[in-house]
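Asks: Next comes the sequence, and after it the predicted model I'd like to discuss.
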Amino acid sequence: MKSVRVKKKIFSELFDKYYKRLFNYAVKVINHRDVAESLVQETFIKLWENIENIKDDERSIESYLITVLKNKIIDNHRKNKTQEKHLNLYKLNTEFTTDMNNVWELEKEIDDIYNSLQPKTSEIFKLSRDKGLTYQEIASLKNISIKTVESHISKALHTFRKKLKDYL
């Protein structure tokens, strides 16, 4: 087991020798300096934690550092993809909630408009739009003229257009 002083000396030499190369490699791969610096620092933390288990030959140390950094980059990429996926799901959920709130608001506005119409106009309009009856069928059912049906429908449409202009 190496003493702390020896461990610090070896670590310092390795840091000085490999930091710049590892940093440049990380920046080239992920194209973000702050993240690259953080990943290289994490790589050296891992080296510090395992320095006693690494062979003293230069190839082993370099290979170890490159492998650790590559794994850190891969982990970072996975983490970012997961965060991006969750962010997209959050945005989708937020958009859906907003859309549903808009739909509920619109439905309430439509109900309010129906309630604001004169009862006969509302009834005739519902027969036309909700039940799908023709003007002729409504006129026959209500024992009124087609012109009267047209007049009620026209009033209802005018009211809907006026009050729903912000939604159109």
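Replies: Sure thing, it's come through.
Asks: Span of stretch 130-143 from start to end?
Replies: 19 Å (C-alpha to C-alpha, to the nearest Å).
Asks: starting at the chain centroid, how far to it?
Replies: 48 Å (C-alpha atoms, centre = their mean, to the nearest Å).
Asks: Which residue of this protein is positioned most peripherally relative to its centre?
Replies: Asn143 (56.0 Å; C-alpha atoms, centre = their mean).
Asks: pretty sure Val29 contacts Asn76?
Replies: No. Applying C-beta atoms under 8 Å, one finds Val29 not in contact with Asn76, separated by 9.9 Å. Placement of C-beta: from N, CA and C, glycine included.
Asks: Of these two, give the one with the bigger neighbour count.
Replies: Asn76 (19 against 16; other C-beta atoms under 10 Å).
Asks: Output the contacting helices and strands for the biggest helix by length in the chain.
Replies: Using DSSP state H to define each element, the chain has its longest helix at helix 58-116. Using 3 or more C-beta pairs under 8 Å, 6 or more residues apart in numbering; DSSP states H and E, the elements in contact with helix 58-116 are helix 4-30, helix 33-50, helix 119-129, helix 146-163.
Asks: Could you point out which of the ones you listed sits nearest Thr97?
Replies: helix 146-163 (24.7 Å; C-beta to C-beta).
Asks: Show me what that closest one packs onto, helices and strands only.
Replies: Of the remaining helices and strands, those touching helix 146-163 by 3+ C-beta pairs under 8 Å, 6+ apart are helix 58-116, helix 119-129, helix 135-142.
Asks: Most tightly packed of these?
Replies: Per residue and on average, the most neighbours among those fall to helix 119-129, with a mean of 17 (mean count of other C-beta atoms under 10 Å).
Asks: what inclination does that one have with respect to helix 135-142?
Replies: Per axes from the mean of the first three to the mean of the last three C-alpha atoms, to 10 degrees, the angle that helix 119-129 makes with helix 135-142 is 130 degrees.
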